[in-house]
Structures are given as structure tokens and as C-alpha cells.
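[1] Here is my input, please return the structure:
(one chain, ligands or ions: 1)
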Amino acid sequence: MHSDIRGVAVNGVEGEPVNLTEPVAEAIGAAFAAWLVEKKKAAASQHLRVSIGHDSRISAKLLQNAISRGLAGAGLEVVQYGLASTPAMFNSTLTKDDSFLCPADGSIMITASHLPFNRNGFKFFTNDGGLGKADIKDILERTADLYNQFTAESLRNSERKVSLATRGVDYMIVYTSDLVKAVRKAAGNIEKPLEGFHIVVDAGNGAGGFFAAKVLEPLGAITSGSQFLEPDGLFPNHIPNPEDKTAMKAITQAVLDNKADLGIIFDTDVDRSAAVDSTGREFNRNRLIALMAAIILEEHPGTTIVTDSVTSDGLTTFIEKKLGGKHHRFKRGYKNVIDEAIRLNSIGEESHLAIETSGHGALKENHWLDDGAYLMVKILNKLASARASGMSGGSKVLTDLIEGLQEPAFAVEVRLKISQNHPDLKGGSFREYGEAVLKHLENLIGSDPCLQKAPVNYEGVRVSGYGGWFLLRLSLHDPILPLNIEAQSNGDAVKLGLAVLAAVKDFAGLDISALNKFVGTS
Ligand SMILES: O=P(O)(O)OC[C@H]1O[C@H](O)[C@H](O)[C@@H](O)[C@@H]1O
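    Just a heads-up that it's a prediction; the model follows:
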């Protein structure tokens with residue numbers, strides 16, 4: 001169970017039948033409506049308003065219309081934004097502007113992030129932030145009931161209501177002008193603080209193409225050489241995902257070919273991002289966290305940086321020794337890191353940044369909105385202020401900020417699948433099985449003098465040894481145990497891999513072929 005709903009929305013991939021049909025989407029809309037009415041304690045007479053946006057997927061329009069029927073059928077007002085980004089949808093619950101029908105009481109983003117073209121899904125927001133697991137579970141239970149109650153008459157009824165209840169608004173104007181204002185303000189109210197910078201954007205044919213013409217150009221930057229800005233739900237060029245090697249290669253090449261100062265890449269729905277400096281050095285994963293931590297710790301000395309669990313030991317040293325901050329390595333999952341940062345603040349530990357190696361990141365100053373575009377705004381601010389203070393040298397100011405970050409010579413992620421129908425699971429869930437594997441590994445580690453369990457750890461089993469570390473944990477949503485290993489050499493990484501193999505090899509329900517391959521035993 002995750003903090004959003006995902007499914008298969010179109011045919012075309014063998015073995016993946018459509019389960020996110022129009023009636024299902026309509027029921028989800030009706031269920032969100034019922035949930036929202038209860039949450040807002042809205043009287044029956046009071047109209048609640050829900051904004052809906054979508055990324056570039058080919059199933060977007062059908063699902064948008066279906067979910068709108070569900071909302072309208074339940075008596076809610078619907079505002080369709082068309083192509084939009086996930087953070088913009090959350091933002092619409094915070095904006096106070098009647099002419100854009102804001103604030104929305106609730107908001108829905110139709111997206112399956114970087115997943116293949118046939119998938120789609122929904123992310124839900126109120127002004128309290130993104131909905132978490134418990135609320136999603138509630139909405140899914142309501143969906144099942146409502147779906148079973150649908151009649152031909154009720155479906156006709158919502159069809160009739162939807163055209164009256166629905167309006168369209170170009171909300172991205174509001175969102176992008178907020179981003180532009182933020183950079184101008186940070187630069188001391190200069191109209192074009194990025195004048196003279198050449199910045200290329202790669203939107204991977206997702207929803208992030210707006211960033212070039214609607215954010216960078218008004219700020220004075222040159223954006224020629226930007227690529228894949230046009231929405232195309234078949235993603236013909238590369239997967240829009242800053243964690244994907246091909247995607248990072250594409251933006252790096254664009255930076256070098258255009259001799260640009262900076263490259264910026266987004267995922268499909270623009271809640272994740274990464275950058276590339278003028279020499280082609282990637283600011284993604286640990287490096288993006290290091291860069292953001294450096295920027296935030298200049299503004300808030302000593303603050304706690306909350307990250308996901310697969311971050312490197314070098315990052316901890318960098319944050320704590322070089323930047324004077326505190327690294328709180330928590331669990332994987334953007335919602336987990338954001339909620340943890342909010343919790344820390346509530347118990348008196350100041351935190352201003354929650355960020356994942358996946359490129360998700362949220363700042364306290366930005367309402368803890370999980371926003372890839374806003375991370376890039378912080379980077380742009382840095383460029384602009386360097387320029388304003390007379391420094392030249394393109395993105396060197398950024399590169400210099402992560403000077404001293406130790407990086408492993410070798411880093412790998414191996415994903416071990418749990419066969420859900422394997423007799424070894426004895427009818428239990430893959431989670432229980434995965435937990436048993438982790439427990440066994442933990443027990444074995446204790447008896448190996450070369451290995452030390454991490455003293456503080458919130459997810460899976462993290463172990464140091466042979467000058468490196470590994471983490472084996474359960475995937476957030478898949479029947480998979482991802483294993484991350486970092487070491488100073490391939491040989492040391494293999495030693496760590498062998499230690500894991502010794503513990504997992506007897507679990508017949510676990511497909512360990514990827515690990516065998518890595519350590520070279522098959
Ligand atoms: O646990 P995993 O399978 O590695 O996936 C973890 C990732 O899942 C999703 O993509 C979430 O949006 C990310 O926040 C999270 O990091």
C-alpha cells in the first residue's frame with residue numbers, strides 16, 4: 001500500500017490487463033468526494049471544489065473525465081487544469097485567488113510518475129499535504145462499495161451533472177509565476193536575474209516542458225537546446241526519471257553539446273528533478289542531496305537534513321563534518337521523509353529539508369510541498385546571487401558547494417524478487433516473508449567480526465564492512481528486497497554481496513539470481 005493509487009489504464013502490454021477502467025476511476029472520484037466531505041465536515045449544502053490535473057499519459061483525458069463524473073455525481077464542483085504538475089496540484093489547495101477558482105478544497109493529480117505508458121494513477125491532496133496510506137486505504141474501501149452500488153441510472157445521472165459542475169482553468173500560470181517570483185525575490189527583486197545563463201531543460205516528454213518557456217525565459221535565461229519538452233505519453237525518447245541512467249545521459253549530452261551552464265531534468269509529473277553542471281557532472285542522487293543540503297545549511301545553520309535510507313556514508317560525513325548539519329537517515333519513500341521532517345519539527349528538532357535520492361525533495365519554506373521544480377528554483381537562486389555578487393563561471397558556484405563530498409568508487413542496486421506464490425511463503429504475505437529474510441540476515445551479521453550493524457537504522461538491515469556498506473530492505477510497494485551496496489572497489493562490494501548471499505540463499509521463495517550474478521557465482 002502506497003500514498004497514491006496506481007493501475008493499468010490502457011492495453012498494449014502482454015500480461016497486464018486494464019484494471020484502472022473508467023467506471024473504477026469514476027468510483028474513485030466519488031470515494032474521494034465522500035472522504036473529502038467527511039474530512040472538511042462540509043454541510044450538504046456547501047459545495048466543495050476539487051481541482052484535477054494530469055501528466056502527458058495517453059489515458060489522461062479518459063480518466064480525467066471519469067473521475068470528474070464521480071466528483072460531480074457526488075455534488076462537488078470540478079475544476080480541470082489539463083496538463084499540470086503534481087506540485088502545482090497541491091499548490092492549488094493553498095493559492096488564494098478567486099479568479100482562478102482557488103483555493104481548491106481537494107486536488108487530484110492523474111499520473112503514474114515514471115512508470116511505463118500503459119499505467120496511470122492518482123495522487124490526492126488537501127491543504128494539509130498529500131494523502132497518506134491510511135486515507136488512501138479508506139478511499140479504496142469506499143471505492144469498492146461505491147463501484148458495487150453503481151446502476152445505469154446513477155451513471156447517467158453523474159454524466160448529466162458533470163458538464164454543469166465542471167470548469168477549466170489554466171492554473172499553471174499561477175504556479176509558474178509563483179516560481180518566477182520566488183527567484184526574483186531571492187535575487188533582490190531583479191526582473192531578469194538569470195540573464196546571460198544558458199540552461200537546457202529535458203522534460204522527457206512528460207509535463208515539465210513549461211519550465212523552459214514559463215520559468216527560465218521570463219527570468220532571462222537562454223533555453224535553446226532544451227529537449228523533449230512536448231508532452232508525449234509514449235515517452236519515445238527516454239523514461240522521464242532522474243534516477244534512470246539513459247535519461248541522465250541525455251541531459252548531460254545536451255548540456256555538453258550546447259555548452260550550457262546548467263541542465264535540468266524532471267520526471268513525468270515534475271515532483272522529482274536533477275541537474276547537470278557545465279562540465280557534465282550530474283547533480284542527482286547523493287550529489288543532489290549534498291547540493292541542496294549545502295544551500296539549506298547556509299540559510300539555516302545546524303539544521304537537520306532528513307533523507308531516505310539508501311543514502312551514502314559519504315553524504316553523512318559531508319553534511320555533518322563539512323556543513324555542520326545533522327543527517328537523519330530515515331526510510332525510503334518521499335512521504336516518509338517529509339512526514340518525518342514535520343514530526344522532528346513538532347518535537348523541537350529543527351529541520352528544513354526532506355529529500356530522497358530519487359530526486360523527491362520538500363522544503364519547510366515551501367509548505368513541505370514535494371516539488372522537483374522548487375528544488376531547481378533553489379539552485380537557480382544560487383546561480384543568480386553568485387552573478388549578482390560579481391562571480392562568473394556558470395555553474396561553478398554549485399559544483400564548489402559539493403566539494404569534499406566523498407563518493408564510493410563502486411555503487412550498485414540489486415533487486416531480489418519474492419515469488420508470491422512460492423510454497424515457501426506458506427500462504428503468508430510477501431512482506432512477512434521479506435521480514436523473515438531480513439531477520440535471518442540480521443542474526444547472521446552478529447556473528448561476523450568483519451561486519452557491523454548500523455547503530456541507528458530505520459529500515460531494513462544496514463551493515464558496514466570492508467570499507468563500505470550494504471542495505472537490504474523491503475521495497476515500498478513491490479514484492480522485492482532491494483539491496484544497495486557501496487564500496488571502494490568491486491572486490492569489496494562482492495565481499496559484502498557474499499555476506500548477504502550467505503543469509504538469503506536458503507530462502508527458496510526469493511529469486512537470488514541477480515545477486516548470484518553480481519558476486520560471480522553463476
Ligand atoms: O522501495 P522501492 O521499490 O525502491 O521504491 C521506492 C520509491 O517508490 C516510489 O517511486 C516513491 O515515489 C519514491 O518516493 C520511493 O523512493
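[2] C-alpha from now on. contacts and neighbour counts both.
    Noted.
[3] Report pLDDT for Ala294.
    As predicted, Ala294 sits at a pLDDT of 98.
[4] Give the next helix or strand downstream of the strand or helix carrying it.
    If you go by DSSP states H and E, Ala294 is part of helix 285-299. Under the assignment DSSP H and E, the closest C-terminal helix or strand after helix 285-299 is strand 304-307.
[5] For Ser226, see how far away Gly208 is.
    11 Å (Cα to Cα, to the nearest Å).
[6] Equivalent analysis for Leu262, please.
    11 Å.
[7] Between these two, which is the more surrounded one?
    Leu262 (31 against 23; other Cα atoms under 10 Å).
[8] show me the contacts for the more buried one.
    Leu262 is in contact with His198, Ile199, Val200, Val255, Ala275, Val276, Asp277, Ser278, Gly394, Ser395, counting by Cα atoms under 8 Å, 6 or more residues apart in numbering.
[9] So which of these belong to strands?
    Ile199, Val200, Ala275, Val276, Asp277 (DSSP state E).
[10] returning to that earlier point: what residues are shared contacts of Leu262 and Ser226?
    Ile199, Val200.
[11] Just give me the neighbour total for the closest residue to the ligand within the stretch 301-450 of the chain.
    Closest contact between the stretch 301-450 of the chain and the ligand, by Cα to the nearest ligand atom, is at Gly333 (3.5 Å). The burial count assigned to Gly333 is 21, neighbours taken as other Cα under 10 Å.
[12] That one against Ile355, yeah?
    No: using Cα atoms under 8 Å, Gly333 is not in contact with Ile355, being 9.4 Å away.
[13] anything in contact with each of these two?
    Asp308.
[14] Would you agree Gly404 is in contact with Thr316?
    No: look at Gly404 against Thr316 with Cα under 8 Å: they stay out of range, at 11.9 Å.
[15] Which one's more surrounded, those two?
    The residue with more neighbours, out of Gly404 and Thr316, is Thr316; 22 against 12, by other Cα under 10 Å.
[16] Now the helix or strand harbouring that one - C-alpha only, CSV.
    Thr316 belongs to helix 313-317 when assigned by DSSP H and E. Once non-C-alpha atoms are left out, helix 313-317 reads as follows in CSV (Å, rounded to 0.1, in the frame of the first residue of the first chain):
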residue,chain,number,x,y,z
ASP,A,313,28.1,7.2,4.3
GLY,A,314,30.0,9.9,2.4
LEU,A,315,26.8,12.1,2.5
THR,A,316,26.6,11.8,6.3
THR,A,317,30.2,12.8,6.7
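[17] chain center to it: distance?
    22 Å (Cα atoms, centre = their mean, to the nearest Å).
[18] So what touches that helix?
    Here helix 313-317 has contacts from Asn286, Ala290, Lys326, His327, Leu405, Gln406, Glu407, Pro408, Trp469, using Cα under 8 Å, 6+ apart.
[19] Which parts of the stretch 301-450 of the chain are helices?
    313-317, 334-346, 372-388, 396-401, 430-445 (DSSP state H, counting those that start in this stretch).
[20] Quick check: Pro231 touching Gly209?
    Yes: counting by Cα under 8 Å, Gly209 is a contact partner of Pro231 at 7.5 Å.
[21] Quick check: which ranges of the stretch 1-150 of the chain have low pLDDT?
    Within the stretch 1-150 of the chain, the ranges that satisfy pLDDT under 70 run 1-2, 44-45.
[22] for it, what spans make up the strands?
    5-8, 49-54, 77-83, 106-110, 119-126, 129-130 (DSSP state E, counting those that start in this stretch).
[23] Enumerate every residue touching Asp448.
    Neighbours of Asp448 in contact, by Cα under 8 Å, 6+ apart: none.
[24] Could you rerun that using 10 Å?
    Gly465, Ala499 (Cα atoms under 10 Å, 6 or more residues apart in numbering).
[25] mind showing which ranges of the stretch 251-400 of the chain have poor pLDDT?
    393.
[26] tell me which parts of it are close to the ligand?
    Arg332, Gly333, Tyr334, Ser358 (Cα under 6 Å from any ligand atom).
[27] JSON lines for those residues, including distance to Arg167?
    Shown next, in JSON lines, are these (distance: Cα to Cα, whole Å):
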{"residue": "Arg332", "distance to Arg167": "38"}
{"residue": "Gly333", "distance to Arg167": "34"}
{"residue": "Tyr334", "distance to Arg167": "31"}
{"residue": "Ser358", "distance to Arg167": "35"}
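[28] For the residue nearest to Thr279 when sequence neighbours are not counted, grab the count of nearby residues.
    Nearest non-adjacent residue to Thr279, counting by Cα to Cα, 6 or more residues apart in numbering: Leu256, 7.1 Å away. Using other Cα under 10 Å, Leu256 is surrounded by 17 other residues.
[29] Can you verify my assumption that Leu256 contacts Ser226?
    No: in this structure, Leu256 is not within contact of Ser226 by Cα atoms under 10 Å, at 11.9 Å.
[30] Between the two, which contacts overlap?
    Joint contacts of Leu256 and Ser226 (Cα under 10 Å, 6+ apart) are Gly263.
[31] rewinding a little: now for the contacts of helix 313-317, which pair is the farthest apart?
    Farthest pair in the contacts of helix 313-317 (Cα to Cα) is Lys326 and Pro408. Separation: 20.6 Å.
[32] neighbour count winner among the two?
    Lys326 (21 against 16).
[33] Rebuild the helices of the stretch 301-450 of the chain as JSON lines, extending it with distance to Ser419.
    Formatted as JSON lines, the helices of the stretch 301-450 of the chain follow (distance: least, Cα to Cα, whole Å):
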{"stretch": "helix 313-317", "distance to Ser419": "32"}
{"stretch": "helix 334-346", "distance to Ser419": "26"}
{"stretch": "helix 372-388", "distance to Ser419": "34"}
{"stretch": "helix 396-401", "distance to Ser419": "44"}
{"stretch": "helix 430-445", "distance to Ser419": "8"}
